[in-house]
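A.B. asks: can't give you the sequence, but here's the structure:
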């Protein structure tokens, strides 16, 4: 663009300047030429006027002579007319030759002589007709005025001719100058054009190649656009598919939530309804023992004991199942100070703590948002497990440690208890799963299942690490 | 042991009614025990007249989980009764102590003075007598 402007500007200036010069030259020559034409015309006019004057002088001479010899009035009148004609012609001639000093001088000489001649002539012709004959001889010479005048006039004509020739020459010269200027202008124009073309040519070639490139790029762009459209369409399809998948997942999730609710409801109803026949069994066992004490003796006491224990265990299992199904339904999430929670649990366990010299250490714990009852149950279950699964001859030492990450609170509750074999690390969190016989360790196998459900309720995770025989650490996270 | 004029048991479970009535009688709380097997039957009983007088039980044990009209629905109808038809003390009973929502719901009814779990054993009954009479 810059280059184009540069080339264009210099050339344009050069071209315009040259053309202006040529036009000026042509114009100037033309003016000069036309001046020459005017001058030529003027010269011709002067020449013709001189000739006319010459003829008038001849006429005056001849009419004068005619009057002298015939005395006829018509010749006299003709002489007077010719004189008037001469005067007007002379004035014209005088005007025409104003510029030429030499010619003016000559005309003045002619005029002077003519005037004196005219005076003589008038005297001779018009004073006395009676004396005509007397004076005729003596004045005869004066009637022939043509000779000297004609000489002067001839000179005038020669000078005029010379001037004419000179002017003709000048006219021709200017004509040639015009032609030359025209030729020069043409040359300049063509040179400039050629120059311009030479300079523009690479630019045009460049432009053409650029255009070609552009067209190529355009085609490429079109292709890319088509590809983009295609990929866009693919993306849209993909997005639609993803949306569908999300929708499906949401549906599944919804149905899962509904199923979970149904399951919880089922557990609730089942456990609720199971309680009643169980209650009847235990109630009537009691009534039977009250009403027929004589029948409950010997081995029957043992049988009744087994039945009662089974019923009690059943009642606890059902109650646990019912509680499990109710987890997270106790109310809204609230701010919980875990230090207070742990303190409250220690108070609840005060008797066993002092009985077994239990040490419970804990870090400064955070305040979290959660289901208060469930969170307390979580800590309570884990602490009570730690105590329960420490052999009677060992003083339980429980440590509650805590770290915080960006999204989670991480807790670790470790003990010096019996430990868990690695193969059972996941099994322990299952409902009703037990690793020990009821005889050694009482329980329904629901404590850790509760913990798992509570942790999951708070969008966390729970797992275990343990060295069998040395101790166990339960790790769990709660989402912030 | 204090004696109570009359007791109304509202429960669809025959065995529970039998057990509870036996316990109340055995503890000498009252001999006048009326048993209704549904909420509707209980309402009819409360409205009934004998010698121009409504039964007006001193103590009402109400089971919540019943087919047909349940305990809560009974309580609504009961509160709408004339005062002369109502009893003195209403206690609700549930087969489970776990459900917190049921406990808080029970407190919404002014007439409900207490919340107990089945079965009503001696400890419970002693406690009830000490608290309310």
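C.D. replies: Thanks, I have the structure now. Here the structure is a predicted model, which is why all the values come from computation and not from measurement.
A.B. asks: how many neighbours does the residue lying closest to residue A:470 once chain neighbours are set aside have?
C.D. replies: Closest residue in space to residue A:470, ignoring its immediate chain neighbours: residue A:419 at 5.5 Å, by Cβ to Cβ, 6 or more residues apart in numbering or on different chains. Quick note: C-beta positions are derived from backbone N, CA and C, even for glycine. One way to gauge burial is a neighbour count; for residue A:419, by other Cβ atoms under 10 Å in any protein chain shown, it gives 17.
A.B. asks: where does residue A:419 land in three-state SS?
C.D. replies: Assigned by DSSP: H, G, I helix; E, B strand; the rest coil, the conformation of residue A:419 is coil.
A.B. asks: near chain B, which residues of the stretch 351-480 of chain A show up?
C.D. replies: Neighbours of chain B within the stretch 351-480 of chain A, by Cβ under 8 Å from any Cβ of the partner chain: residue A:373.
A.B. asks: Would you map the strands across the stretch 351-480 of chain A?
C.D. replies: Across the stretch 351-480 of chain A, reading from the start of the chain, the strands by DSSP state E, counting those that start in this stretch fall at A:359-362, A:367-370, A:397-404, A:408-414, A:462-467, A:471-479.
A.B. asks: And residue A:48, how far from chain B?
C.D. replies: For residue A:48, the distance to chain B equals 145 Å [Cβ to the nearest Cβ, to the nearest Å].
A.B. asks: Was I right to think the residue nearest to residue A:470 contacts residue A:467?
C.D. replies: Yes: at 5.7 Å, residue A:419 and residue A:467 qualify as touching, with contact defined as Cβ atoms under 8 Å.
A.B. asks: What ranges in chain B fall below the confidence cut-off?
C.D. replies: Counting by pLDDT under 70, chain B contains low-confidence ranges at B:1, B:94-101.
A.B. asks: for it, longest helix please?
C.D. replies: Ordering each helix of chain B by length in residues (DSSP state H) puts helix B:14-26 first.
A.B. asks: cool, and chain A?
C.D. replies: Per DSSP H, chain A has its longest helix at helix A:146-291.
A.B. asks: The next helix or strand along the chain from it packs against which elements?
C.D. replies: As assigned by DSSP states H and E, the chain's next helix or strand after helix A:146-291 is helix A:299-326. The helices and strands touching helix A:299-326, judged by 3 or more Cβ pairs under 8 Å, 6 or more residues apart in numbering or on different chains; DSSP states H and E, are helix A:146-291, helix A:447-457.
A.B. asks: now helix A:299-326, how far from the chain's geometric center?
C.D. replies: Helix A:299-326 has its C-alpha centroid displaced from the chain centroid by 80 Å (Cα atoms, centre = their mean, to the nearest Å).
A.B. asks: for stretch A:30-42, same thing?
C.D. replies: On the basis of Cα atoms, centre = their mean, the separation between the geometric centre of stretch A:30-42 and that of its chain is 68 Å.
A.B. asks: circling back: what pLDDT, on average, does the longest helix of chain A get?
C.D. replies: Along helix A:146-291, the predicted confidence averages to a pLDDT of 84.
A.B. asks: Now do that helix against helix B:14-26, angle only.
C.D. replies: Computed with axes from the mean of the first three to the mean of the last three Cα atoms, to 10 degrees, the direction of helix A:146-291 lies at 50 degrees from that of helix B:14-26.
A.B. asks: so helix A:146-291 versus helix A:299-326, what angle?
C.D. replies: Computed by the same axes, to 10 degrees, the angle separating helix A:146-291 from helix A:299-326 equals 160 degrees.
A.B. asks: Indicate whether helix A:146-291 makes contact with chain B.
C.D. replies: Yes: remark: helix A:146-291 sits within contact range of chain B at A:271-272, A:275-276, A:279-280, A:282-284, A:287, by Cβ under 8 Å from any Cβ.
A.B. asks: ok so, going back, tabulate the strands of the stretch 351-480 of chain A (JSON lines), appending distance to residue B:115.
C.D. replies: Shown next, in JSON lines, are those (distance: least, Cβ to Cβ, whole Å):
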{"stretch": "strand A:359-362", "distance to residue B:115": "34"}
{"stretch": "strand A:367-370", "distance to residue B:115": "26"}
{"stretch": "strand A:397-404", "distance to residue B:115": "35"}
{"stretch": "strand A:408-414", "distance to residue B:115": "34"}
{"stretch": "strand A:462-467", "distance to residue B:115": "34"}
{"stretch": "strand A:471-479", "distance to residue B:115": "32"}
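A.B. asks: Phi first, then psi, for residue A:420.
C.D. replies: Its backbone dihedrals place residue A:420 at phi -130, psi 130, with angles given as degrees, to the nearest 10.
A.B. asks: Quickly list what the residue nearest to it when sequence neighbours are not counted is bridged to.
C.D. replies: Distance criterion Cβ to Cβ, 6+ apart; nearest residue to residue A:420, sequence neighbours excluded, is residue A:466 at 4.4 Å. Beta-bridge partners recorded for residue A:466 (DSSP bridges): residue A:472.
A.B. asks: can you tell me how far the residue of the stretch 51-200 of chain A found nearest chain B sits from residue A:104?
C.D. replies: Taking Cβ to the nearest Cβ as the measure, the point where the stretch 51-200 of chain A comes nearest chain B is residue A:200, at 93.8 Å. Distance check for residue A:200 against residue A:104: by Cβ to Cβ, to the nearest Å, it reads 62 Å.
A.B. asks: Repeat that for residue B:57.
C.D. replies: As judged by Cβ to Cβ, residue B:57 and residue A:104 stand 168 Å apart.
A.B. asks: who has more neighbours, the two?
C.D. replies: residue B:57 (26 against 14).
A.B. asks: can you confirm that one is in a strand?
C.D. replies: No: when classified by three-state DSSP, residue B:57 is found to be coil rather than part of a strand.
A.B. asks: Quick check: phi and psi on it?
C.D. replies: Listed backbone geometry of residue B:57 is phi -60, psi 140, with angles given as degrees, to the nearest 10.
A.B. asks: and residue A:423, how many neighbours?
C.D. replies: Neighbouring residues of residue A:423 were enumerated by other Cβ under 10 Å; the total is 7.
A.B. asks: close enough to count as contact, residue A:93 and residue A:108?
C.D. replies: No: taking contact to mean Cβ under 8 Å, the distance of 11.3 Å between residue A:93 and residue A:108 leaves them out of contact.
A.B. asks: These two: which has the busier surroundings?
C.D. replies: residue A:93 (23 against 11).
A.B. asks: Now do the same for that one: its pLDDT.
C.D. replies: Reported pLDDT at residue A:93 in the predicted model: 77.
A.B. asks: Great, nothing more from me.
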